[in-house]
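1. need coordinates for the following:
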Amino acid sequence: MTKAFTHLLQITPLGLLYGSAGGFLSPENLVGRSGNKFPPSSATVSGLYAQVQSNPERAEKKTWLLPDLCLAGPFWAKSEEIKPDSQNFFVPTPFNFLAQKPFAQVNKTDQDLGQVKHHLKWNDADKIWQDTKEQSIQGKFDQDSWIAIQDWQNPQQVYESPWKYLPHLHPRLQEEQRHTKEGDLFLENAVQVDPDISLIYLTNEVLPDGWYRFGGEGHLVDIKCCQLTDQKIIDLLHKKIGNTFALITPAIWGSNRFSYRFPQLPESNPSVIDPDWNYDALITERPQPFRYRLGGKLSRGRYGIPAGSVYVLQKALDKPWHDWPENWFPTEAYSFKRWGCGLALPLAM
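-> Numbers count the residues shown, from 1 in each chain. A predicted model of the protein is given here:
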């Protein structure tokens, strides 16, 4: 059992951030876009806790901190909407809400863009997905969008990501002359976040406020750790999942060698889906690569179910995500539950 989330990490960039991951930037790939990965995963944020723990001048050393740490994200918010008495942030749109580009922009008002065209529900009798208003579904719909968590059960509008990519050459000059060493000129795929936008991560441990180097190339950010006080969000995170739910973070299931769409029975060969996860329907997209760096070493590459995937199980999971069994999550140095993998919220069908 994992301690429930109690705080929000509000991360405000002080300039550009790094927008790539892995060995994707090369002379053969000068556009530098194949390795897009932004915002940084919660595994990257956990490195900030390790930095604090190993730097007693910044905060009192807490040897008990890291083993109990649990994070989830990434999300984002308008900085002005993270208040002591009310909070709102944006999470990936569940795939059963269909909308078309162009999506709405969070900083513009009086716009009719990004309207949810269809809300799909599972028809158990006919074994098909249907529109809740029984409208015919036509056209192509886009998935890369966000909704406000305050509108989770009935979103009417979806939003685009409030950042843009700015690839630029990044030279590393010699100390005594304006020349680069061999191999020290590369293309950095930087990201510019809108000025009044903050990245948001859920956490169950406090991180001291301050400036930190965050992500690749050591870009600076300002971090504030505020208590999660909005009762509507707290109730949603503590609500039993039920049999229909959506992921708001990528899910990593399976062993250290194989990735699956569902948790597997431990030590089963061949792998067998855990009976609690027998399902009727699933809406998902292509898997996403997942890796993290720990102790200077890069973890094994895995594939995760993307955030927004919708599950319809045969039986209800009568427990919130933080009470899910640890053996549902792979373990590689740490349980993947530590990174908030597969954080799910119930859907009303």
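
2. wait, isn't Cys226 in contact with Glu81?
-> No - between Cys226 and Glu81 there is no contact under C-beta atoms under 8 Å: 11.8 Å. (Each C-beta comes from the backbone N, C-alpha and C, glycine too.)

3. quick one: the strands in the stretch 101-250 of the chain?
-> Remark: strands assigned in the stretch 101-250 of the chain by DSSP state E, counting those that start in this stretch are 118-123, 128-131, 146-148, 163-173, 180-193, 197-203, 210-213, 220-227, 242-247.

4. out of those, nearest to Phe95?
-> Each of the strands of the stretch 101-250 of the chain has some distance to Phe95 by C-beta to C-beta; the shortest is strand 242-247, at 7.4 Å.

5. what's the pLDDT at Leu25?
-> Note on Leu25: pLDDT of 42.

6. state the distance from Thr44 to Asp276.
-> Applying C-beta to C-beta, to the nearest Å, the value for Thr44 to Asp276 is 31 Å.

7. over to Phe90?
-> Distance from Phe90 to Asp276, by C-beta to C-beta: 30 Å.

8. who's more crowded, the two?
-> Phe90 (24 against 17; other C-beta atoms under 10 Å).

9. the closest residue to that one other than its chain neighbours: how many residues sit nearby?
-> Excluding the flanking residues, the one nearest Phe90 by C-beta to C-beta, 6 or more residues apart in numbering is Trp146, at 4.1 Å. Trp146 has 24 neighbouring residues, counting by other C-beta under 10 Å.

10. isn't Trp146 up against Val158?
-> Yes - Trp146 is within contact range of Val158, at 6.5 Å (criterion: C-beta under 8 Å).

11. hang on, the earlier thing: a markdown table for the strands of the stretch 101-250 of the chain, including mean pLDDT and distance to Pro102?
-> Output for those, formatted as a markdown table (pLDDT from 0 to 100; distance: least, C-beta to C-beta, whole Å):
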| stretch | mean pLDDT | distance to Pro102 |
| --- | --- | --- |
| strand 118-123 | 96 | 18 |
| strand 128-131 | 96 | 22 |
| strand 146-148 | 98 | 14 |
| strand 163-173 | 77 | 14 |
| strand 180-193 | 74 | 19 |
| strand 197-203 | 98 | 18 |
| strand 210-213 | 95 | 34 |
| strand 220-227 | 97 | 29 |
| strand 242-247 | 97 | 23 |
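
12. quick check: which of those is buried the most?
-> Most buried of the strands of the stretch 101-250 of the chain, by mean neighbour count (mean count of other C-beta atoms under 10 Å): strand 197-203, with a mean of 24.
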